[in-house]
Structure formats: C-alpha cells, structure tokens
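[1] sequence? don't have it. structure:
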C-alpha cells in the first residue's frame, strides 16, 4: 500500500501502463461503432457502413429489453422460508428500479442502458457499489479509466484515473468536504485507489492532482464483510466479457489484451474495414463512370472546352470546320464486384446479426429458419448476457451480505425472519428474439396436441417480475370464482337492492317494490336446487292376486300358427 501521494501516483501509473494494449484496442472498437471515416480524402468519395452501429444498437436493445429476474432458488425451502426470500427479491427489485431512476435524474443514460453499452462497446464491465446505514448505491465506471491487478484470489488492487475540469474539481471538493491548498484553475487528475494493507484489510485512498484528499483509510463496513466471509472482497466489480482465454502464455508482449474481453464488433473488425474500402472504391468508380471525360480536336488557338462553359447548364460551343468535341468511353464497373460484396455481406452477418433480425424479410420464415436466426443471435449475445447476469448476481449477494454483516437498514429494509441458512441470488435474463418462443410452442402443440406447460413455469418464464407466483395463482382463482354464475347473481342482487334503496329515497315506491321483487326472485333461484332432467317415478306395482283373470292368463290361440 503506497504511503505517500507520489507513491500512489507512481503505482497508478504502473497499473495503467499494464493495460495500454487493451486501451488502444478499445479505442479502435469505439471508432468503428462511432463510424469514424478513416478513408476520408479531399476530393474523393468515401463510405462508412452503418452495419456495426446498427448491430450494436440491436444487441443493446435485445439485452436492455430482456426480462431480468432477481431470484433465490426455492428448491427444498419451507413455505415460511419462501415468504422470507420473496421479500428479499421484492426489495432487490425495488432498489434496481430506484437506481435506474436515479441515473436518469442526474443526467446520465439509464442504468441498464449505460452498463450494457459499455459491455458491448469495450468488452468489459466496471462498477463500484457501496452500502451504508441509509442507502445502497452503485456507480458505473468507464472501463478504460479503471486499471485492475488480478491474483489467484481475484482482485488485488484497482485504481480509477480520470480528469476533471476546474469547475468539476472544485465542486467535488466542496461536496466531499476535502481540504486542498487552493482552488483549482486547470484540469486535474483524480486517482481513486482500492487495495489491501499489510493486515489484509481493505483500504481506500484518493489523490486529487498531486495531494491526498483522502489518506489511506480502512473501510470498516467492507472489512466486517471480509471477516464474515473469510475471503477478500473489494467494492469494485470489474471483469472482461467474451474474448479469448489466453492471458499471456500464447500471445506475448501484452498482445493478448487485445482479445481479453471483446466488443461486439471485434469479430468483424477486419472485415468491416475491408467492406468500407470496397464501398468507397465502388462509390469512386460510380462517380468516374457518371462523369464523362471529354476530348476536343481544335485547329485554332482557342480552347473550346473550358471549365467555365463545362460548369454551365446547356452551354453552346462554337466549332470551326475541322474542330471536333466528344466523350471518351468510360471504364465499365466490374460485374464481379456484386459477387464479392455479397460474399462480404454474408461473412459480416455471420460475425454479428443476420439481416432478418433487422426486419429484412424476403419471404415467410419456417420454424427451422427462425430457430437458426435465434441461435445465431444468442451465439453473439451469450457472452454479454452471461456477464450481465453474473454481475447483477454478484451485486445482489454483495448488497445483502453488507446489510447482514453490518446491521444496516437502508431504504427501510426489514430483516425477514425464517431465512434459510444458505441461499444466494441468481439473476436470470430472457432475451426475447421476436417470434422464437411462439414458434417453439406452436411446433410443440403440432407434435403433441395435449402438450401443456406448468402455469408456474410460464409465470417465471414470461413474467419474472411477479415476485410471488403462489399469491398470483391465488388471485387468479379468486377472479375465476367471481366469474361463477352464482357470484354474478350475488352482485346483481346487491346492485338491484341498492337501486331500490335509491328509488325509495326518491319516493318512487312502485319502482323500489319492483326492483326488490327482482332481487328476491334471484335470491330464490340461488336457494333452489338446480333443475334438470330427472327420471320419471316408477308406477306402483299391482299384486297379481288382485288383477283380473283376463289380464293374467294368455288368450287361447293368440299367436298360434
């Protein structure tokens, strides 16, 4: 742990230098998404494809609009334990909704939008989160400003370095209550350092410009959590997303950092550059073909085709007896260009998203085609989806453990009783590929007309925002019961009697009597048994001894042959 401000600045510089290759590659990816025109030349056409940006926008939309559920597994839990964990799920959901609103109020992008945007654009996520007695808050840090050092047990130390203008710096000094020698009049760097001291405790130090505004200080709340967990923990969450697994054993000299975490446009980076070159070449070729090149044969000393006349609309040229002007043949655009661009387009779709997902439908899609499209989209988004879920799971568990270890009660938190001894949050998200789930369900019913899904599964899958499915099912049964004919009649009776009461208050005795009779008739219907088809009663049996003789003895000859 650095003791002096200059030592911390030196250590921060070393950490920053360790990630120089990563930072350079992040800037390259961002220029692709930013649509920077690298082929721009004076007097020449250049084209920048918008496919990387539209792919980024689509990926961001699918991840941002995904259904996120902050769940605790209830397998093997007792009903009272499920009630307790449901409270934690509901509390956590409210906190993330509040965090989303807070980011919007302070002039930033939405929380999920900004976090997912950094993941897709840089291939990294970096966040700071803290819990105290009054509140829980989380800050999204730009990954290119954060420089970590990882060890066998995870994050060892990390520093965030960014520059503030004098207005921002002086305002932050006032808000935080820091002591500085004099107000700042120029841009100043800020170094926010987190690490461990010789005792293994988490410490935080902040240097503004060249002086400490926060001396190295142990964070009491975090250290209580470390003691409870028995493992190191820093309130900074940073990790690469996607990319290749090598960390220097294969690619030397830090070149492995180029792919240790990749942006969504990384796979197509070289192809996008080639595609832009080809588009620019085609544009320049089309311009050359569309602008004719002239020639003139003149026997005089004066030039016939001048720039002034050629720039006019409908110019008139005066030619001598042996003078001639004409148009030279333009070179033909190679027909092979279309085939080449088609191949390039297919390769770029395989590296990002199929054109079908952007709405480019040439014909109706079969189930197999839709399944392939969905599989292709999930293949691209799965690394970022897994990183998003893992980060939120870590934050949920960290927040609860901080509250539990320190006895905090932020945002009116109430520690529920009957919590299970061991449990963890497991965040799940469902990316909604348009039409994919409907296609699957339709095919399942075609193969098995009796196919059904459990209502609990449907609720968890389609409506994860419902924190208590059991309560939801009970409410549905209550609504079904209220739609029963007897329940409807009961509502009618109450309504008719209320209407009769209003008529009585208005001195309409006859109207009130009629409505009361209607209510009474419906009450009588409810009280009577249901009328239906009933078997007719059997006729009473007649003893044989009282029947006449003709009725008991057959007539002689009747029916004889």
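    Perfect, thanks for sending it. Since the model is a prediction, treat every value here as computed from it, not as a measurement.
[2] Can you get me a residue count around the closest residue to residue 441 other than its chain neighbours?
    Leaving aside its sequence neighbours, residue 441 sits nearest to residue 453 (Cβ to Cβ, 6 or more residues apart in numbering; 7.9 Å). All C-beta atoms are positioned from the backbone trio N, CA, C, and that covers glycine. For residue 453, the tally of surrounding residues (other Cβ atoms under 10 Å) stands at 11.
[3] Repeat that for the one 10 residues further on.
    Residue 463: 12 surrounding residues under other Cβ under 10 Å.
[4] Okay, the residue nearest to residue 441 and residue 460: tell me how far apart.
    11 Å (Cβ to Cβ, to the nearest Å).
[5] So residue 321, which state does it fall into?
    coil (DSSP: H, G, I helix; E, B strand; the rest coil).
[6] Quick check: which element contains the residue nearest to residue 441?
    Here residue 453 sits in a region with no helix or strand, counting by DSSP states H and E.
[7] Count residues in the vicinity of the residue nearest to residue 3 when sequence neighbours are not counted, would you?
    In space, and not counting its chain neighbours, residue 3 is closest to residue 216: 7.4 Å by Cβ to Cβ, 6+ apart. Residue neighbour count, defined by other Cβ under 10 Å, stands at 17 for residue 216.
[8] Which secondary structure elements does the strand or helix carrying residue 341 sit against?
    Under the criterion of DSSP H and E, residue 341 resides in helix 336-351. Here helix 336-351 touches helix 269-290, going by 3 or more Cβ pairs under 8 Å, 6 or more residues apart in numbering; DSSP states H and E.
[9] what mean pLDDT does the helix it packs on have?
    Helix 269-290 carries an average pLDDT of 89.
[10] longest helix in this structure, by residue count?
    helix 367-406 (DSSP state H).
[11] chain center to that one, what's the gap?
    Helix 367-406 sits 9 Å away from the centroid of its parent chain (Cα atoms, centre = their mean, to the nearest Å).
[12] List the buried residues for it?
    For helix 367-406, a neighbour-count test (16 or more other Cβ atoms under 10 Å) marks 370-371, 373-374, 376-377, 380-381, 383-385, 387-403, 405-406 as buried.
[13] swap in stretch 469-477?
    For stretch 469-477, by 16+ other Cβ under 10 Å, it's residue 469.
[14] Name the surrounding residues that touch that stretch.
    Outside stretch 469-477, the residues that touch it by Cβ atoms under 8 Å, 6 or more residues apart in numbering are 82, 455-456, 459-460, 466.
[15] Then stretch 344-359?
    By Cβ under 8 Å, 6+ apart, stretch 344-359 touches 51-52, 54-55, 58-59, 264-265, 267-268, 271-272, 274-275, 278, 365, 369, 373, 376-377, 380, 433-434.
[16] could you give the mean pLDDT of it?
    85.
[17] Likewise for stretch 463-478?
    pLDDT averaged over stretch 463-478 gives 77.
[18] and if you look at stretch 398-408?
    Mean predicted lDDT for stretch 398-408 stands at 95.
[19] Tell me the gap between it and the middle of its chain.
    That offset, for stretch 398-408, works out to 27 Å (Cα atoms, centre = their mean).
[20] could you pull out the strands for this structure?
    When assigned using DSSP state E, the strands of the chain occupy the ranges 67-72, 124-131, 136-140, 146-151, 154-164, 188-196, 202-208, 211-218, 236-240, 293-297, 324-328, 425-430.
[21] my read: residue 405 touches residue 223, true?
    No. Between residue 405 and residue 223 there is no contact under Cβ atoms under 8 Å: 9.5 Å.
[22] List the buried residues in the helix holding residue 341.
    Those would be 344, 348-349, 351, for helix 336-351 by 16+ other Cβ under 10 Å.
[23] from the middle of its chain, how far away would that helix be?
    30 Å.
[24] okay, the angle between that helix and helix 269-290?
    150 degrees (axes from the mean of the first three to the mean of the last three Cα atoms, to 10 degrees).
[25] Tell me what angle helix 336-351 forms with helix 367-406.
    40 degrees.
[26] Mind pulling up the pLDDT for the residue nearest to residue 441?
    79.
[27] ok, now which ones touch residue 6?
    Per Cβ under 8 Å, 6+ apart, neighbours of residue 6: residue 210.
[28] typo on my end, residue 117
    60, 109.
[29] Tally up the residues packed near residue 331, please.
    9.
[30] so who does it touch?
    285, 288-289.
[31] please redo it, this time with the cut-off set to 7 Å
    Residues counted as contacts of residue 331 (Cβ atoms under 7 Å, 6 or more residues apart in numbering) are residue 289.
[32] From residue 293, how far out is it?
    10 Å.
[33] one step back: show me which of the contacts of stretch 344-359 are buried.
    Listed as buried from these are 51-52, 55, 58-59, 264-265, 267-268, 271-272, 275, 373, 376-377, 380, 433; burial here means 16+ other Cβ under 10 Å.
[34] Please tell me how far stretch 274-291 is from the chain's geometric centre.
    For stretch 274-291, the distance to the chain centre is 38 Å (Cα atoms, centre = their mean).
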